[in-house]
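> Quick one, structure for this:
(2 chains)
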Amino acid sequence: MARLTMREAISQALWEEMERDPKVFIMGEEVGVWGGSYAVTKGFYDHFGGERVRDTPISEAAIIGAAIGAALTGLRPVAELMTINFAYVAMDHIVNEAAKLHYMFNGQMVLPMVIRTVGGGGRQLGATHSQTPDAIFAHFPGLTVVAPGTPADAKGLLKSAIRGDNPVLFIEHATLYQTRGEVPEGDYTIPIGISDVKRPGKDVTIVTYSKMLEVSTKAADELAKEGIEAEIVDLRSLRPLDTGPVIESFKKTNRAVVVEEGWPTFGIGAEISARIYDQAFDYVDAPVKRVAQKEVPLPYNRALEQLALPQVQDVIAAVKEVL
Amino acid sequence: MDKQEYMELYHQMVVIRRMEEKAAELYQLGKIGGFLHLYIGQEAVSTGLISARRPEDRVITAYRDHGVAINCGIDVKLVMAELEGKATGVSGGRGGSMHMADVKKNFWGGHAIVGAHLPLATGLALGDYYQGNKAVTICMFGDGATNIGFFHEAVNLSKVWNLPVFWVCENNQYGMGTQVARASAVSEIRQKASGYGMKSEHVDGMDVLAVRQVAERMLAEIRGGSGPQLLEALTYRFRGHSMGDPERYRKPEEVHRWEEEDPIGLYRKYLVSKAIAAEEELNQLDDSSAREVQEAVDFAEASPDPAPEDLFKNIYASNGER
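Okay, here's the model as predicted:
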């Protein structure tokens, strides 16, 4: 195992899949000559050439629409949206085409495609460039939504996404690219749709994913100093949403906190809470708490931005409330 | 063209006409639900255009798709069954009027969000280009679709990458009820091609042979590596935008004027005047086409609804990981 950054792990997965299958190609804004706006595809253009690492105009609808069309011909495009904030201008193609064609045409159309994109706040990019709208996309049957929180998961899940036959929205987090972790070398895949217990504990269940896994882990470290053992379940994908390990953990701890970076209203926490009440009502010892972004468009000012984003202290406070 | 080819064009147009008339009846009877957009009046565009394609050329269109489906070689039975939402329909009863496709016939739908299929066409052509296939993607759309951003993004990208797309605008004079001049900065849609450095032509969309001839030529050029080109076919729909159209935006006289340009009537006259076919032969073809459509209706009526247990089928491809 090598200790890689999230950026390196994602880059490695892409590189290996492109070496493995000539049908895999990359398209998006600045993916080629520039090397990727987050440097994930640095070196790809020189190695694989412009036919397989295709720079596009700033045309998100055409990027996703053309990726769909190419996928329909049997190719395996990895289309990049520079940030998830730009997904709104490609919304029709993501939710109205990619998510629906297989069903609407009775299985005739198969779309083996991945949309790689970057979400999350915390970099002072202001309200339009800092969003975590993951729940919106997870709303649509037909779409698969993956959001890894560790380099190993990123590599394994991205490889599965590329090899699978369904459209996958693969959401990376802008502030996780430098995060390091052990990553298995070579052909390492993780099936999509399996939640993972990242930390065992008996007192409370923390359900989270992506960047908030890091925040939750720090909170759990602090809580451990006070003798509170938090169990952390990492969802890893929002659709399919594997709540099995969540329910199992909850039946043991009888208490849960859901930590997400997006807004709470109609969010991941709302969904997880509903499922806990639905499937484990008899085990509830305290109301499920949600830790999420304050309900404001994210401000630019650093202090204000941090005030709006979920912090380690917020998680600790929520855990103490349910105990 | 040999006689059989001439007759086949006539046959397809008549089948489409009869099928659409029947569909209107069935809609009134409540046997077809949702929206229903008839192709009556525009038959020559799709018939001439698609008769010029090779089997490897892909076709993709908007929601006024029943006629295009017939031209792509889909059995009228499967179209009618789809209109009635039956399991035997070309999309298994899940798509309906606006979402028909048969990928084995290289017909890629049937797309109901105006303009949204244009980027898909760019991608289909990218797929062929990338894999070295000598195929052209024929993308049909209405005049209204040229006012949405998707058109501009898709056309621009097709030109930037020099992809084999044949963009075919069916200018039927109205986007729903809004006249082209009231919605588009240029009434000649083909002018929009010049903004993308793309060759364009226009054709009388009521003349099936004219459409076929220009399509053959442009397809050959695109296949030869010219990059994308745009054809504007001037046409007219004799019926409303959909079945629920009060038609307040146009006068009956205008419709009657266009009806004198009926593509089927004009083509029939041509065949007789050139002695390609006798009146009697064409009458027989009319009758057999009507029977074909009636058999399709019978087939649809006798077909089962999709099974309730199939509700959740095909949301995802079975191969989660290849």
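> Spell out which parts of the stretch 151-300 of chain A neighbour chain B.
A:160, A:163-166, A:189, A:191-193 (Cβ under 8 Å from any Cβ of the partner chain). Every C-beta, even on glycine, is put in place using the N, C-alpha and C of the backbone.
> can you do 6 Å?
Within the stretch 151-300 of chain A, the positions near chain B by Cβ under 6 Å from any Cβ of the partner chain are A:160, A:163-166.
> Quick check: of these, which lies closest to residue A:142?
residue A:166 (8.2 Å; Cβ to Cβ).
> any idea how far the closest one lies from residue A:174?
Residue A:166 is 25 Å from residue A:174, where distance means Cβ to Cβ, to the nearest Å.
> between those two, which one's more packed in?
residue A:166 (25 against 18; other Cβ atoms under 10 Å in any protein chain shown).
> ok but the more buried one is inside a strand, no?
No: counting by DSSP: H, G, I helix; E, B strand; the rest coil, residue A:166 falls outside a strand, being coil.
> Report the contact partners of it.
Residue A:166 is in contact with A:144, B:316-317, counting by Cβ atoms under 6 Å, 6 or more residues apart in numbering or on different chains.
> Which pLDDT value goes with it?
We have a pLDDT of 97 for residue A:166.
> Repeat that for residue B:320.
pLDDT at residue B:320 comes out at 53.
> Equivalent analysis for residue A:202, please.
pLDDT, residue A:202: 98.
> Skipping adjacent residues, who's closest to it in space?
residue A:229 (5.2 Å; Cβ to Cβ, 6 or more residues apart in numbering or on different chains).
> Which residue does the stretch 151-300 of chain B have closest to chain A?
residue B:153 (3.7 Å; Cβ to the nearest Cβ).
> chain center to the host helix or strand of that residue, what's the gap?
Assigned by DSSP states H and E, residue B:153 belongs to helix B:149-160. Offset of helix B:149-160 from its chain centre (Cα atoms, centre = their mean, to the nearest Å): 21 Å.
> Quick check: what element follows that helix along the chain?
Per DSSP H and E, the helix or strand that comes after helix B:149-160 is strand B:165-171.
> Can you tell me the strand partners of that next one and which way each runs?
Paired strands of strand B:165-171, with direction, are strand B:137-142 (parallel), strand B:229-234 (parallel) (DSSP bridges).
> Name the stretch among the ones you listed that sits most buried.
strand B:137-142 (a mean of 29; mean count of other Cβ atoms under 10 Å in any protein chain shown).
> Contacts for that one next, please.
With Cβ under 6 Å, 6+ apart, strand B:137-142 has contacts from B:57-62, B:121, B:124-125, B:165-168, B:170.
> likewise stretch A:130-145?
Contacts of stretch A:130-145 (Cβ under 6 Å, 6+ apart): A:85, A:95, A:99-100, A:103, A:119-121, A:147, A:166, A:168-169, A:171, A:238-239, A:261-262, A:267-268, A:298, B:315.
> Please identify which helix or strand holds residue A:18.
If you go by DSSP H and E, residue A:18 is part of helix A:6-20.
> quick check: angle from the helix or strand following that helix to helix A:6-20?
Using DSSP H and E, the helix or strand that follows helix A:6-20 towards the C-terminus is strand A:24-28. Our comparison of strand A:24-28 with helix A:6-20, counting by axes from the mean of the first three to the mean of the last three Cα atoms, to 10 degrees, yields an angle of 130 degrees.
> how about strand A:24-28: buried residues?
A:24-28 (16 or more other Cβ atoms under 10 Å in any protein chain shown).
> Backbone dihedrals for residue A:77, please?
For residue A:77, the backbone dihedrals are phi -70, psi 140 (criterion: degrees, to the nearest 10).
> Before I go, just wanted to say thanks for your time.
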